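[1] here you go, sequence then predicted model.
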Amino acid sequence: MDIAAELLAGSRLALSRAITAVENEYDEATAIMQQLYPHTGQAYVIGVTGPPGAGKSTLTDKLVKVYRRQGKTVGIIAVDPTSPFSGGAILGDRIRMNELTLDEGVFIRSMGTRGSLGGLSRKTADVVKIMDAAGKDVIFVETVGVGQSEVDIVKAADTTVVVLVPGLGDDIQAIKAGILEIGDVFAINKADREGAERLKAELNMMLDLDQAKSAWRPSIRQTVANAGQGIEELVATIDEHAAFLGTSGELVRRRTARARNELIALIEEQISHRILKDIAASGQLDALAAALAERREDPYAIVKRLLAAYLR
Amino acid sequence: MERHIRVLVAKPGLDGHDRGAKVVARALRDAGFEVIYTGLRQTPEQITEAALQEDVNVVALSLLSGAHNTLFPKVVNMVRGKGMNDVLVIGGGVIPDADIPGLKEAGVAAVFTPGTPTASIIDFIKANVK
Ligand SMILES: Nc1nc2c(ncn2[C@@H]2O[C@H](COP(=O)(O)OP(=O)(O)OP(=O)(O)O)[C@@H](O)[C@H]2O)c(=O)[nH]1
Ligand SMILES: [Mg+2]
């Protein structure tokens, strides 16, 4: 079947198969992406990140229902960690979103990180594009439960929502290095618990110190996701941020930066693929490795030679 | 190109706990599969739609009591009806021997009764996923 054409005609099965093709790097993946690319750039991408168990999936479920009431179609990409030992994964975010399963205006796809360390999988950005081409108005990307360094979501999302919870002790100090810097909007979830006000005050203080950096002062909302409290307010805040990005020109700047990063990644990937595939298949790679181990050659000269041969 | 086998583990029907399904889910993960776990009380419609969105190779149904003779074949039919022709539907739970031939006839690829080592489920999946 012509996956891209069927996807563009509205087939959910084709959408699903396109994601698999790209995620597994099947031979037809590049052709599919190329056919879909002209149809991308329409969707608004919302990242949802935060520590493990903060309520990211529950919150996403509730946010999506608000956008659905507004008549918008939604794609959800939910990333969970792949075990470095077995290569397997339990992808359990869907369990919080079961009520959305039968809504034809929603498409949920779970992904394992498959070795990526930034909180997403290497193919997440492509899956965003695929859902975008399929006509989803809003795309949610839920990251794995993060510590401080898994911040790839900023590169993929228009608005990044950082979900925090009270009661993790000195956590705010621990996380400030990483995920506090990437939040456009903060949700203090589980606000039914002790300490939500104090966390909000601390967060406000830290954001004030950070103020100089941007014209947008990140907003903080309190939510109780499982009870559906604070959700409309959070949506309003996300929409405010989206409006700010639009009027300030920041959206264009962010998307240009994203396109640039993606182009660089694609160049690196394709060039290294092309050379590596070739020299691995011909046995050259093993021979060169042996030569290096015996110090008969130096790697810099080898790479120079390879580039000269391949980039003519 | 790496091969990643994806398995939806679902519990249709109304029975109350999912200990068994979780044990299976963990064993499948440890065997290197990507396991999409959808939790309790899923309808055949929900299971089928989740299988489609997740593009799984296997739908593993776990059912403690009762309705396997209607629910398992229903899932098989709905999955095929959505064009997922290669997806293996397998079932586990307290299922009388006498019911197994009928389930296989209906398109259930394999039936695992309590006490089956998880290794045989894993071997079956590895051997039969296209
Ligand atoms: N008390 C309370 N519990 C909540 C709230 N929001 C979510 N929960 C519960 O917290 C648990 C974890 O919620 P999830 O939505 O799975 O959290 P998550 O951040 O997606 O978890 P990972 O994806 O595993 O990192 C569930 O049992 C939820 O029901 C809340 O506002 N208050
Ligand atoms: Mg989650």
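    Structure received. Since the model is a prediction, treat every value here as computed from it, not as a measurement. Residues are numbered from 1 along each chain as shown, chains lettered A, B, ... in the order given. Ligands and ions are numbered 1, 2, ... in the order given.
[2] what segments of the stretch 151-300 of chain A are strands?
    Assigned by DSSP state E, counting those that start in this stretch, the strands in the stretch 151-300 of chain A fall at A:159-164, A:185-188, A:219-222.
[3] who does the last one touch, helix- and strand-wise?
    Other helices and strands packing on strand A:219-222, by 3 or more C-beta pairs under 8 Å, 6 or more residues apart in numbering or on different chains; DSSP states H and E, are strand A:185-188, helix A:196-209, helix A:231-248. For every residue, glycine as well, the C-beta is placed using N, CA and C.
[4] same thing with the second one?
    Counting by 3+ C-beta pairs under 8 Å, 6+ apart, the packing neighbours recorded for strand A:185-188 are strand A:159-164, helix A:196-209, strand A:219-222, helix A:231-248.
[5] can you list the strands that that strand pairs with?
    strand A:159-164 (parallel), strand A:219-222 (parallel) (DSSP bridges).
[6] for ligand 2, find the nearest of those.
    Nearest of these to ligand 2, taken as C-beta to the ion: strand A:159-164 at 9.7 Å.
[7] ramachandran angles for the residue in chain B positioned nearest to ligand 2?
    Using C-beta to the ion, the single residue of chain B nearest to ligand 2 is B:Tyr37, 11.7 Å away. Torsion angles at B:Tyr37 (phi, psi; degrees, to the nearest 10) stand at phi -110, psi 120.
[8] show the pLDDT at the spatially closest residue to A:Asn261 that is not a sequence neighbour.
    With C-beta to C-beta, 6 or more residues apart in numbering or on different chains as the criterion, A:Asn261 has its nearest non-adjacent residue at 5.9 Å, and that residue is A:Lys155. The pLDDT attached to A:Lys155 in the predicted structure is 89.
[9] swap in A:Asp170?
    58.
[10] sorry, back to before: which one of the helices and strands packed on strand A:219-222 has the lowest average pLDDT?
    Among these, helix A:196-209 scores lowest, with a mean of 87.
[11] on contacts alone, who are the packing partners of that helix?
    helix A:171-176, strand A:185-188, strand A:219-222.
[12] go through the strands paired with strand A:185-188 and pick out the most buried.
    Per-stretch averages of neighbours, counted by mean count of other C-beta atoms under 10 Å in any protein chain shown, single out strand A:159-164 among the strands paired with strand A:185-188, with a mean of 27.
[13] among the helices and strands of the chain, which has the poorest mean pLDDT?
    You didn't pick a chain, so chain A it is. Each helix and strand of chain A was given a mean pLDDT (mean pLDDT, DSSP states H and E); the minimum falls on helix A:171-176 at a mean of 60.
[14] sorry, I should have been clearer: chain B.
    Scoring the helices and strands of chain B by mean pLDDT, DSSP H and E places helix B:19-30 at the bottom, with a mean of 90.
[15] buried residues, that one. List them.
    Within helix B:19-30, the residues that count as buried by 16 or more other C-beta atoms under 10 Å in any protein chain shown are B:20-22, B:24-30.
[16] OK, contacts around residue 11?
    If you meant another chain, say so; for now it's chain A. For A:Ser11, no contacting residues are found, by C-beta atoms under 8 Å, 6 or more residues apart in numbering or on different chains.
[17] let's do chain B instead
    B:18, B:21, B:38-42, B:61-63.
[18] where's the dip in pLDDT among these?
    Where pLDDT dips furthest among the contacts of B:Lys11: B:Asp18, at 74.
[19] can I assume that one is in contact with B:Gly39?
    Yes - assessed by C-beta atoms under 8 Å, B:Asp18 is found in contact with B:Gly39 at 6.7 Å.
[20] those two: who's more crowded?
    More neighbours surround B:Asp18 than the other of B:Asp18 and B:Gly39, with 20 against 16 (other C-beta atoms under 10 Å in any protein chain shown).
[21] break chain A down into its structural domains.
    A:40-248, A:261-311 (automatic domain parsing).
[22] can the longest one be found next to ligand 1?
    Meaning domain A:40-248. Yes - using C-beta under 6 Å from any ligand atom, we find that domain A:40-248 touches ligand 1 at A:52-58, A:93, A:96, A:145, A:189-190, A:192, A:224-226.
[23] right, and A:Gly230 touches A:Ile220 too?
    No - if you go by C-beta under 8 Å, A:Gly230 and A:Ile220 don't touch, sitting 10.8 Å apart.
[24] what residues are shared contacts of those two?
    Joint contacts of A:Gly230 and A:Ile220 (C-beta under 8 Å, 6+ apart) are A:Ala187.
[25] which stretches in chain B count as strands?
    Ranges of strands within chain B are B:6-10, B:34-37, B:58-63, B:88-93, B:110-112, based on DSSP state E.
[26] need those in a markdown table with distance to A:Ser248 and mean neighbour count, can you?
    Shown next, in a markdown table, are the strands of chain B (distance: least, C-beta to C-beta, whole Å; neighbours: other C-beta atoms under 10 Å in any protein chain shown):
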| stretch | distance to A:Ser248 | mean neighbour count |
| --- | --- | --- |
| strand B:6-10 | 41 | 27 |
| strand B:34-37 | 39 | 28 |
| strand B:58-63 | 47 | 24 |
| strand B:88-93 | 52 | 23 |
| strand B:110-112 | 58 | 20 |
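[27] for A:Lys200, find the nearest of those strands.
    In terms of C-beta to C-beta, the element of those nearest to A:Lys200 is strand B:34-37, at 33.6 Å.
[28] tell me how far the closest one lies from the chain's centre.
    11 Å (C-alpha atoms, centre = their mean, to the nearest Å).
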